[in-house]
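> would you be able to build a 3D model of this:
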Amino acid sequence: MYRVLRIGFLSILALLPFHALVYVWLTSNFGHIKLWQTWKEILLVALLPLVIWLLLKQPAFARRLFARRVNQLILAYLALHLSLWAVYQPEFEAAVAGLLINLRFLALFALGQLLILVVGSSELVGGGKASRVNGFKESAIKFVLVGGAVVSL
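Alright, predicted model coming up:
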């Protein structure tokens, strides 16, 4: 399960810099514009059941995540979006698009935090705690830097 979450997270980090190029190429060749536009969100939603299961299986992770002020603010931001959606009742497609645009980076941030907690947990992943956490962070940084360098060039 951890591997699936890690691969999903690192895939988003690796592919995100190339989103525009891949999106335009796939749309022009195969159509399905909405599918290619929302691949990141689809992947995040596909990982959501694993995240929920992990948080239910390891309540200590949930407590640590939700004890952080930044995550409480993320939940408040989500609640604000949902309450404004309920009050103003925009068209469904527009409301979903707004939620996806405004919340996807926060969902990715929360997933990264959860993975750091999982990597630091000795019962879920083998090896030394510090080396696992540093290895995961180094992998994520490499994905971001390599993607950014290729796009910049």
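> residue contacts, the most centrally placed residue in the chain?
Centroid check for the chain by Cα atoms, centre = their mean gives Leu108 as the closest residue, at 2.4 Å. By Cβ atoms under 8 Å, 6 or more residues apart in numbering, the contact set of Leu108 is Phe9, Ile12, Lys40, Leu44. Quick note: C-beta positions are derived from backbone N, CA and C, even for glycine.
> looking at these, point me to the pair that's furthest apart.
Spatially, the most separated pair among the contacts of Leu108 is Phe9 and Lys40, at 11.1 Å (Cβ to Cβ).
> which one's more surrounded, these two?
The neighbour comparison of Phe9 against Lys40 (other Cβ atoms under 10 Å) goes to Phe9, with 22 against 18.
> so that one sits against Gly112, correct?
Yes. When contacts are counted by Cβ atoms under 8 Å, Phe9 is listed as touching Gly112 (6.4 Å).
> overlap in contacts of these two?
Contacts common to Phe9 and Gly112, judged by Cβ under 8 Å, 6+ apart, are Ala140.
> longest helix of the chain?
Longest helix in the chain by number of residues (criterion: DSSP state H): helix 92-119.
> for it, which positions count as buried?
95, 97, 100, 103-104, 106-108, 110-115, 117-119 (16 or more other Cβ atoms under 10 Å).
> please report the distance of the residue nearest to the centre of the chain from Trp85.
Relative to Trp85, Leu108 is positioned 21 Å away (Cβ to Cβ, to the nearest Å).
> could you do Phe9 as well?
On the measure of Cβ to Cβ, Phe9 and Trp85 end up 27 Å apart.
> over to Leu16?
Taking Cβ to Cβ, one finds Leu16 at 26 Å from Trp85.
> next: Val133.
Where Trp85 is concerned, Val133 sits at a distance of 37 Å (Cβ to Cβ).
> does Val151 touch His19 like I think?
No. With contact defined as Cβ under 8 Å, Val151 does not count as touching His19 (9.8 Å).
> contact partners of the host helix or strand of Ala14?
Of the helices and strands defined by DSSP states H and E, Ala14 is found in helix 2-15. Helix 2-15 has contacts (Cβ under 8 Å, 6+ apart) with 22, 39-40, 43-44, 46-47, 50-51, 54, 108, 111-112, 114-115, 118-119, 124-125, 136, 139-140, 143-144, 146-147.
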